[in-house]
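Colleague: Below are the sequence and a predicted model; questions follow.
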Amino acid sequence: MDTHTDLTQTGKVYLVGAGPSDPGLLTVKGYRILKQAQVVIYDALIGPGIYSLIPREAEKISVGKRAGHHSVKQEEINRMILEYAQKGKRVVRLKGGDPFLFGRGGEELELLAVHQIPYEIVPGVTSAIAAAAYAGIPVTHRAAASSVHILTGHKKQNEPLDIDFQALRQAGGTCVVLMGMSALHEIVTGFLNAEMPPDTPAAVIGQGTGADQRSVVATLAVLEEDVRKQQIKAPAVIVIGQTAAFANRYAWRERLPLHNARILITRPAERGRKLSDLLEQLGAEVVQMPTIRTQIRDCGRQLSEQLSQIAAYQYLVFTSPAGVDYFFELLDKLQMDVRCIGTVRLAVIGSATGEALKKRGLRPDLMPEQYHSIALGRLLRQSMQGTGRVLLLRSSMGSRELIDEIKQNNQQSNQIEVTDLAIYDTLYTHQSEDLYAKTLVESGQITMVMFTSASSVRGFVHMTKGADYSNVRAVCIGRVTANQAAGYGMQVYQAEKETMESMAEAAVKLQQGRISVWSL
């Protein structure tokens, strides 16, 4: 395949394996290619966390393939991939697991090869290995199995399974069956009829690596009955062999405190990584669904005017990490550097904003113990003793609360002058851009939603307009954010402190029923 083909007229197709569900299992190359996609054609088995990584501006096309429920025929999918590539698009065919392991990836390449469309294959982590690993099952083990056999339980209508059970029993090792839940009875019976011992360890892992992962570990003789009692549904992975018994010793995923929690993070993607990492470490499946995004304003002239008189200010105030970043971006556009702020003191609303300054070689002089507007305003007013000037650099959507607190509601004794300069805009993600978030909320697939600002709450409402918010469990940072969420009828739980660590702690308490609904 000539990877140097001219793409000005013809696009390129990337067959990308998305892994089983956990977005952390998407490969680095798969993630990089996905972020550059113009068109993404994806299957039903793509988890919400993976879906949330698709670029907002990309055209998203669901082909909804599940066992027994193919909303789009394979031939139509093949044609669709070809036509988008012929239009010059970068097309990602996003497939669950690995595209070449029972994924019909080879079929999807046929038309591309015939029409000389350039393509690449990006392997994915297969659920045959990952689901078992997340249930604590090593598919090979020196003391139990030196081989692994990966089978498909999918069969054509009214035809028997094409599996040589006798040969598999004689070969030994671990048997992993994908797409086999509808044929579980035939699979179990087939192995038993092939004289596999009834006490052979066996397991079924449903929704492997996802928030809903549930495992049944039993023996071959009672596996079908136990699965029925536990109501394990497809998609699921069936593991048969001695290694399945290790799940009783090594299981870990379902023991984490946030297992069975699918958490939606509404922060802008570039700001949500720390919270995502904390929640994922605790076992949550994280769905990145930014409800707001920020954009620098064309305010260089206004900023330059204020900086020319910076010596008259006592404090330069930042209320967000974004404000710090955009300030330095504006300085660069103005061909200025940090020396232009002279000896003015720096005030920040909280530790995250303080860290943003530290990355620039600066340290805040003032930061309240409680990270919210009222606490910052009160601290500034007390420090300035009722007189002086403050330059406030923040979003155009900043509330009056901070200014009112600094000026103490314009009391005559207060002579503090506040210059409120908006250096960036906060923009909402509207429902018309993506209906997926509303679908997740209304279907009950989201356990809780994390809000780090009042604007992210309003953005969430814009993005899910018309949804019923009474069942939304909102974990909020700060009183203002909590008040905003409560105003929309959400079940609100407020973190004790205005930090990402405290939000993660609140999520654990909520999952364990150890936190009460916040009230106005």
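Modeller: Sure thing, it's come through.
Colleague: any idea which helix or strand carries residue 107?
Modeller: According to DSSP states H and E, residue 107 maps onto helix 105-114.
Colleague: how about residue 216, secondary structure?
Modeller: The local conformation at residue 216, judged by DSSP: H, G, I helix; E, B strand; the rest coil, is strand.
Colleague: pretty sure it contacts residue 232?
Modeller: Yes - judged on CB atoms under 8 Å, residue 216 makes contact with residue 232 at a distance of 5.7 Å. The way it works is simple: take the backbone N, C-alpha and C, and place the C-beta from them, glycine included.
Colleague: more crowded one of those two?
Modeller: residue 216 (24 against 18; other CB atoms under 10 Å).
Colleague: Against residue 134, how distant is the more buried one?
Modeller: Remark: distance between residue 216 and residue 134 (CB to CB, to the nearest Å) = 14 Å.
Colleague: what residue ranges in the stretch 301-450 of the chain score low on pLDDT?
Modeller: 409-413, 431-434 (pLDDT under 70).
Colleague: Please enumerate the strands of it.
Modeller: 315-318, 345-348, 387-395, 415-428, 448-451 (DSSP state E, counting those that start in this stretch).
Colleague: Packed most tightly, which of those would that be?
Modeller: strand 448-451 (a mean of 26; mean count of other CB atoms under 10 Å).
Colleague: Local confidence estimate at the residue lying closest to residue 285 once chain neighbours are set aside?
Modeller: Using CB to CB, 6 or more residues apart in numbering and skipping the chain neighbours, the partner closest in space to residue 285 is residue 211 (3.6 Å). What the model reports as pLDDT for residue 211 is 91.
Colleague: for residue 211, what are its contacts?
Modeller: Each residue near residue 211 by CB atoms under 8 Å, 6 or more residues apart in numbering is listed here: 259, 260, 261, 262, 284, 285, 447.
Colleague: Restricted to strands, list those residues.
Modeller: 262, 285 (DSSP state E).
Colleague: Can you tell me which of the contacts of residue 211 is nearest residue 122?
Modeller: residue 285 (22.0 Å; CB to CB).
Colleague: quick one: pLDDT of that closest one?
Modeller: 94.
Colleague: how deep is it tucked in, by neighbour count?
Modeller: Residue 285 has 27 nearby residues by other CB under 10 Å.
Colleague: Identify the residue nearest residue 24 in space, chain neighbours excluded?
Modeller: residue 280 (6.3 Å).
Colleague: did I read that right, the one you found in a helix?
Modeller: Yes - counting by three-state DSSP, residue 280 is part of a helix.
Colleague: where's it relative to residue 259, distance?
Modeller: 11 Å.
Colleague: ok, back up a step: generate TSV for the strands of the stretch 301-450 of the chain, with distance to residue 85 as supplementary columns.
Modeller: Listed next are the strands of the stretch 301-450 of the chain as TSV, based on distance: least, CB to CB, whole Å:
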stretch	distance to residue 85
strand 315-318	46
strand 345-348	49
strand 387-395	41
strand 415-428	32
strand 448-451	37
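Colleague: Relative to residue 83, which of these is closest?
Modeller: strand 415-428 (32.8 Å).
Colleague: The closest one pairs with which strands, parallel or anti?
Modeller: Partner strands and pairing direction for strand 415-428 (DSSP bridges) are strand 292-296 (antiparallel), strand 387-395 (parallel).
Colleague: got a list of contacts for the shortest one?
Modeller: Counting by CB under 8 Å, 6+ apart, the neighbours of strand 292-296 from elsewhere in the structure are 266, 268, 322, 326, 329-330, 395, 423-429, 453, 455-456, 459.
Colleague: just to revisit the earlier point, residues shared between the contacts of residue 216 and residue 232?
Modeller: residue 204.
Colleague: Report the contact partners of residue 10.
Modeller: Per CB under 8 Å, 6+ apart, neighbours of residue 10: 85, 86, 88, 117, 118.
Colleague: Return the per-residue confidence for it.
Modeller: Residue 10 is given a pLDDT of 76.
Colleague: Wait, a strand at it?
Modeller: No - read with three-state DSSP, residue 10 is coil and lies in no strand.
Colleague: ok, now how distant is it from residue 31?
Modeller: Distance from residue 10 to residue 31, by CB to CB: 25 Å.
Colleague: chain center to stretch 133-152, what's the gap?
Modeller: 29 Å (CA atoms, centre = their mean, to the nearest Å).
Colleague: I'd like the distance from the closest residue to residue 345 other than its chain neighbours to residue 324, if you could.
Modeller: Spatial nearest neighbour of residue 345, chain neighbours left out: residue 365 (4.2 Å); criterion: CB to CB, 6+ apart. Using CB to CB, residue 365 is found at 14 Å from residue 324.
Colleague: So the two - more neighbours on which side?
Modeller: residue 324 (24 against 13).
Colleague: Skipping its backbone neighbours, what lies nearest that one in space?
Modeller: residue 356 (3.9 Å).
Colleague: Wait, that neighbour touches residue 326, no?
Modeller: No - applying CB under 8 Å as the test, residue 356 and residue 326 come out as separate, 10.5 Å apart.
Colleague: Which one's more surrounded, these two?
Modeller: Neighbour count, other CB under 10 Å: between residue 356 and residue 326, residue 326 has more, with 24 against 21.
Colleague: who's in contact with the more buried one?
Modeller: Residue 326 touches 294, 296, 297, 423, 424, counting by CB under 8 Å, 6+ apart.
Colleague: what's across from the closest residue to residue 395 other than its chain neighbours in the sheet?
Modeller: Residue nearest to residue 395 in three dimensions, not counting chain neighbours: residue 426, with 4.7 Å by CB to CB, 6+ apart. Note on residue 426: beta-bridge partners by DSSP bridges are residue 294.
Colleague: now stretch 174-192, how far from the centre of its chain.
Modeller: For stretch 174-192, the separation from the chain centroid amounts to 33 Å (computed by CA atoms, centre = their mean).
Colleague: now do stretch 425-441
Modeller: 15 Å.
Colleague: Any chance you could list what contacts it?
Modeller: 48, 51, 56, 60, 264, 287, 289-295, 297, 395-397, 446, 449, 455, 458-460, 462-467, 472.
Colleague: What of stretch 133-144?
Modeller: Contacts for stretch 133-144 (CB under 8 Å, 6+ apart): 22, 128-129, 132, 145-148, 173-174, 176, 203, 205, 208-209, 213, 215, 217, 239, 241-254.
Colleague: buried sites along stretch 160-168?
Modeller: Residues of stretch 160-168 classed as buried: 161, 163, 165, 168 (neighbour count, 16 or more other CB atoms under 10 Å).
Colleague: what would those residues look like in CSV with secondary structure?
Modeller: Putting the buried residues of stretch 160-168 into CSV (three-state DSSP) gives the following:
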residue, secondary structure
161, coil
163, coil
165, helix
168, helix
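Colleague: right, and the pair among those residues with maximum separation?
Modeller: 161 and 168 (11.7 Å).
Colleague: Residue 63 against residue 73, yeah?
Modeller: No - applying CB under 8 Å, one finds residue 63 not in contact with residue 73, separated by 9.1 Å.
Colleague: Who has more neighbours out of these two?
Modeller: A direct count of neighbours by other CB under 10 Å for residue 63 and residue 73 places residue 63 higher, at 20 against 11.
Colleague: so what pLDDT did that one get?
Modeller: For residue 63, pLDDT reads 92.
Colleague: Now do the phi/psi pair for the nearest residue to it once chain neighbours are set aside.
Modeller: Once flanking residues are discounted, residue 63 sits nearest to residue 72: 4.1 Å by CB to CB, 6+ apart. When read as degrees, to the nearest 10, the backbone of residue 72 gives phi -130, psi 130.
Colleague: how many other residues sit next to residue 72?
Modeller: Quick note: residue 72 (other CB under 10 Å) scores 15 neighbours.
Colleague: likewise the one 4 residues further on?
Modeller: When neighbours are counted by other CB under 10 Å, residue 76 registers 12.
Colleague: how close does it sit to residue 61?
Modeller: Residue 76 is 11 Å from residue 61, by CB to CB.
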